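J.: pasting the sequence and the predicted coordinates here, then a few questions.
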Amino acid sequence: MLSNDVEQDDEVFSALLLTAKGRIVAPLRVWRRGADDFLLLTEPDLAEVVSTSLVRARFAARCEIAAELHSSLIVFGDTDGLPGEIPGSVEVLDAGLDATIGDAELERVRIESLVPAWGKELDESILPAEAGLDRTHISFTKGCYPGQEPIARLHYRGHTNRELRVLEVEDAAPGDEVRLGEKVVGRVTSAVGGVALAYVRTEVPGDAKLKVAGRHAEVRPA
């Protein structure tokens with residue numbers, strides 16, 4: 001059912017639950033707790049969607065699916081442990097630790113690391129490749145899963161019309177148009193203190209001089 005290989009050596013990895021047309025149902029962090037025990041960590045408001053989708057597709061009576069409540073914390077710095085999606089960090093569960101950085105600072109790190117968030121960069125209308133998730137959440141060698149055919153077709157034979165990019169801009173807000181000259185070439189999805197995430201047309205060159213809400217903007221090099 002998942003877009004990534006659950007039998008890989010990594011104990012924690014990213015995956016997607018997709019529709020048959022390759023649209024995102026839910027982003028997941030898969031924690032392999034045992035040979036036949038997997039925790040699928042997702043957003044709280046997506047837990048029922050994920051559980052219902054898996055139960056509906058279940059064909060082995062011995063497969064048990066149940067919802068669990070956990071807290072997830074990102075730890076930065078020189079740490080030993082499991083990998084996180086943000087470079088230089090690890091993700092831990094149920095650690096009982098208090099947050100030491102504010103929401104704005106964490107949002108800046110997320111944006112600068114080009115990590116898309118559900119409800120901002122990700123929803124049911126987004127193709128995984130548009131958000132760069134084909135590089136991190138999808139295996140192109142595993143067996144069948146819902147959405148595999150359109151995902152593979154786009155990967156091997158096509159291209160996306162837009163892609164997620166980090167912009168340097170003095171001030172921006174979600175929903176702001178990204179313009180190249182007079183042409184609208186994208187839209188901001190997240191922004192905080194001088195940086196923003198935006199879906200931008202793929203034909204826009206990396207050194208283009210852009211405008212966001214009338215302010216100068218540049219694409220930050222990958």
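T.: Right, received. Where do you want to start?
J.: how is the chain carved up into domains?
T.: 12-157, 162-219 (automatic domain parsing).
J.: what's the span of the last one, first residue to last?
T.: Put plainly, it is domain 162-219. Domain 162-219 stretches 14 Å from its first residue to its last (C-alpha to C-alpha, to the nearest Å).
J.: how far does that domain sit from its chain's centre?
T.: 19 Å (C-alpha atoms, centre = their mean, to the nearest Å).
J.: list the contacts for the closest residue in space to I86 that isn't next to it in sequence?
T.: Spatially, and ignoring its direct neighbours in sequence, I86 is nearest to S113 (4.7 Å; C-beta to C-beta, 6 or more residues apart in numbering). For the C-beta atoms, the positions are set from N, CA and C on the backbone; glycine is no exception. Listed by C-beta atoms under 8 Å, 6 or more residues apart in numbering, the contact set of S113 reads E85, I86, P87.
J.: against D103, how distant is S113?
T.: 16 Å (C-beta to C-beta, to the nearest Å).
J.: what of S72?
T.: 15 Å.
J.: out of those two, which sits in the busier spot?
T.: Neighbours per residue (other C-beta atoms under 10 Å) separate S72 from D103, with S72 holding more: 13 against 9.
J.: identify the bridge partners of that one.
T.: Beta bridges link S72 to L93, judged by DSSP bridges.
J.: L167 too?
T.: A196, V219.
J.: I'd say D134 and P128 touch.
T.: Yes: between D134 and P128 there is a contact under C-beta atoms under 8 Å: 5.3 Å.
J.: who touches both of the two?
T.: Contacts common to D134 and P128, judged by C-beta under 8 Å, 6+ apart, are I151.
J.: which stretches of the protein have low pLDDT?
T.: 60-61, 78-83 (pLDDT under 70).
J.: now do the helices in it.
T.: 47-57, 103-112, 148-157 (DSSP state H).
J.: next, the distance between the ends of stretch 205-215.
T.: Note: stretch 205-215 ends 18 Å apart using C-alpha to C-alpha.
J.: for stretch 90-106, same thing?
T.: Where stretch 90-106 begins and where it ends lie 14 Å apart, using C-alpha to C-alpha.
J.: likewise for stretch 168-178?
T.: 12 Å.
J.: quick check: buried residues in that stretch?
T.: Within stretch 168-178, the residues scored as buried using 16 or more other C-beta atoms under 10 Å are E168, V169, A172, D176, V178.
J.: quick check: the farthest pair among these?
T.: Largest separation among those by C-beta to C-beta: E168 and D176, giving 14.0 Å.
J.: what lies in contact with stretch 70-79?
T.: By C-beta under 8 Å, 6+ apart, stretch 70-79 touches 29, 39, 41, 81, 84, 86, 88-95, 97, 99, 101, 106, 109.
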